[in-house]
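>>> dropping the sequence and predicted coords here.
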Amino acid sequence: MQGHEDTIVATRYWHQRDDGQLQCDLCPRHCHLQEGQRGLCYVRQRLDDEVKLVSYGRSSGFCVDPIEKKPLNHFYPGSSVLSFGTAGCNLACKFCQNWDTTKSREMDIMADRASPRQLADAASGSDCKSVAFTYNDPVIFMEYALDVAEACREQGVKTVAVTAGYIDPEPRVEFFRGIDAANVDLKAFTDDFYYKICGAHLQPVLETLEYIRHETDVWLELTTLLIPGQNDSAEELDAMTAWVVEHLGPDVPMHFTAFHPDWKMRDIERTPTATLSKARKIALDNGVRYAYTGNVRDSEGGSTWCHHCGELLIERNWHALGHWGLNDSGECAACGTPVAGKFDSGPGAGAQRPVRVRFN
């Protein structure tokens, strides 16, 4: 992939408005673009009277991670995943913890390049069970992500999307058709939070979650970063977890992770571990079968327990696995209760720490 022109590809989801502007129809933001103008995501731009992706094949870096870092606790635990992202994002979260890439307005931040075939080869050659589109939202580089997914499937490598789920209905179908597992950031459970803190709206995300759960075979887990005083009240957590059980079912794992001060929200304290434990308890009390704490050392909150008999199924210390209490069929070895997820006959022996990958 040599030369700037190789990074620019045509896209499908846009139309011309009566006023001559082009409207991007990829996500609910629906940016209106004049010639040369980029959407808020930064990587979709009006060029030659089309909306084009200008970051195809470019990345802010490639890294082999443990799958638990995504976080996915029920998708081949212990396996390695080749992770990468690009620049830009279609949300404007004031607390973004990857702001150096998601908020970048410099193409030079994406100094690494790899074709879909190179990525699939690298994943296979590194004993990675999957490739993850992460660090920023893969919705905005959909064309690149889906080409990578196709190349991976030819080699038996799975694909993972770490996403905010902010995508329109038509591209949603195409995007998730190429994905094997998704961790969706359910950032809060009020539209006020989404609008004031993220520059977005809650309802399209809920629609995406219901679509993934009921219309696809994609394995789904949820993450909520709990920010003190913003989205961590007992009332909001109760409403959120009750909605998940009613609309998605009790088997969708929920991760409650700790905030640290970053980007435009540096004046807010870190999330106390007690807040994460409270959220986990509320979720369990409301019928969520698999609720986790994250970004803290909490073996009980990070481990998987049988929802029927209470036995320890998968012990976790940060991203390292310990005791394995599943049988070869993915059931509790103590009582035979099936455990929701995708499992091999035993834990993977993948990377426990990130390992940087370079392409020539």
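Everything's here; your move.

>>> which residues of the stretch 101-250 of the chain fall in helices?
Applying DSSP state H, counting those that start in this stretch to the stretch 101-250 of the chain gives helices spanning 116-125, 142-154, 169-177, 191-198, 203-215, 234-247.

>>> make JSON lines from these and add mean neighbour count and distance to L225 to it.
For the C-beta atoms, the positions are set from N, CA and C on the backbone; glycine is no exception. Supplementary listing: the helices of the stretch 101-250 of the chain in JSON lines, determined by neighbours: other C-beta atoms under 10 Å; distance: least, C-beta to C-beta, whole Å:
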{"stretch": "helix 116-125", "mean neighbour count": "20", "distance to L225": "27"}
{"stretch": "helix 142-154", "mean neighbour count": "21", "distance to L225": "23"}
{"stretch": "helix 169-177", "mean neighbour count": "16", "distance to L225": "22"}
{"stretch": "helix 191-198", "mean neighbour count": "16", "distance to L225": "11"}
{"stretch": "helix 203-215", "mean neighbour count": "17", "distance to L225": "14"}
{"stretch": "helix 234-247", "mean neighbour count": "17", "distance to L225": "13"}
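
>>> okay, those in TSV with distance to V355 and mean pLDDT next?
Below are those laid out as TSV (distance: least, C-beta to C-beta, whole Å; pLDDT from 0 to 100):
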stretch	distance to V355	mean pLDDT
helix 116-125	12	95
helix 142-154	19	97
helix 169-177	28	98
helix 191-198	31	97
helix 203-215	30	98
helix 234-247	34	98
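
>>> among these, which comes closest to K52?
Nearest to K52, of all the helices of the stretch 101-250 of the chain, is helix 142-154, at 9.4 Å by C-beta to C-beta.

>>> pull the closest one out as PDB, backbone CA atoms only.
Only the C-alpha atoms of helix 142-154 are listed here, as PDB (Å, rounded to 0.1, in the frame of the first residue of the first chain):
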ATOM      1  CA  MET A 142     -16.500   0.400   8.000                       C
ATOM      2  CA  GLU A 143     -15.200  -0.400   4.500                       C
ATOM      3  CA  TYR A 144     -11.700  -1.200   5.800                       C
ATOM      4  CA  ALA A 145     -13.100  -3.200   8.700                       C
ATOM      5  CA  LEU A 146     -15.300  -5.400   6.500                       C
ATOM      6  CA  ASP A 147     -12.600  -6.100   4.100                       C
ATOM      7  CA  VAL A 148     -10.400  -7.200   7.000                       C
ATOM      8  CA  ALA A 149     -13.200  -9.300   8.300                       C
ATOM      9  CA  GLU A 150     -13.600 -11.100   4.900                       C
ATOM     10  CA  ALA A 151      -9.900 -11.800   4.700                       C
ATOM     11  CA  CYS A 152      -9.900 -13.100   8.300                       C
ATOM     12  CA  ARG A 153     -12.800 -15.400   7.700                       C
ATOM     13  CA  GLU A 154     -10.900 -17.000   4.800                       C
END
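
>>> list of residues touching that helix?
Contact with helix 142-154 is made by 9, 11, 26, 53, 55-57, 86, 116-117, 119-120, 123, 130-131, 133, 138, 158-159, 161, 171, 174-175, 178-179, as judged by C-beta atoms under 8 Å, 6 or more residues apart in numbering.

>>> stretch 182-191 now?
Contacts to stretch 182-191, defined as C-beta under 8 Å, 6+ apart, come from residues 70-72, 93, 160-165, 176, 193-194, 197-198, 201-203, 205, 208-209, 212, 218-225, 230-231, 236-237, 239-240, 243, 255.

>>> for that stretch, measure first residue to last.
End-to-end distance for stretch 182-191: 22 Å, by C-alpha to C-alpha, to the nearest Å.

>>> so which bits of that stretch are buried?
For stretch 182-191, burial by neighbour count (16 or more other C-beta atoms under 10 Å) applies to A182, N183, V184, D185, L186, K187, A188, F189, T190.

>>> partner residues bridging the closest residue to the first one other than its chain neighbours?
When the adjacent residues along the chain are set aside, A182 lies closest to A161, with 4.6 Å between them (C-beta to C-beta, 6 or more residues apart in numbering). Beta-bridge pairing of A161, defined through DSSP bridges, involves F133, A182.

>>> test my guess that A161 contacts I179.
Yes. Judged on C-beta atoms under 8 Å, A161 makes contact with I179 at a distance of 4.9 Å.

>>> more neighbours: which of those two?
Comparing A161 with I179 by other C-beta atoms under 10 Å, the one with more neighbours is A161, at 26 against 22.

>>> who are the contact partners of that one?
Taking C-beta under 8 Å, 6+ apart as the test, what A161 contacts is A132, F133, P138, A145, F175, F176, I179, A181, A182, N183.

>>> wait, D6 touches G57, no?
Yes. Judged on C-beta under 8 Å, D6 makes contact with G57 at a distance of 6.4 Å.

>>> which of the two has more neighbours?
Taking other C-beta under 10 Å, D6 and G57 do not tie; G57 has more neighbours (23 against 13).

>>> how much space between the more buried one and R153?
18 Å (C-beta to C-beta, to the nearest Å).

>>> tell me the pLDDT of Y56.
With respect to pLDDT, Y56 scores 95.

>>> before we move on, what about T102?
At T102 the predicted local confidence, pLDDT, stands at 53.

>>> next, the buried residues of stretch 318-330.
Quick answer for stretch 318-330 (16+ other C-beta under 10 Å): W318, H319, L321, W324, G325, L326, G330.

>>> any idea which of those residues is closest to H32?
Once C-beta to C-beta is applied, the member of those that ends up nearest H32 is H319, at 42.6 Å.

>>> I figured the closest one hits E68, correct?
Yes. H319 is within contact range of E68, at 4.4 Å (criterion: C-beta under 8 Å).

>>> quick one: contacts for the residue nearest to the spatial centre of the chain?
What sits nearest the mean C-alpha location of the chain, by C-alpha atoms, centre = their mean, is V162, with 1.4 Å. Residues in contact with V162 (C-beta under 8 Å, 6+ apart) are K70, A132, F133, T134, Y135, D137, P138, A182, N183, D185.
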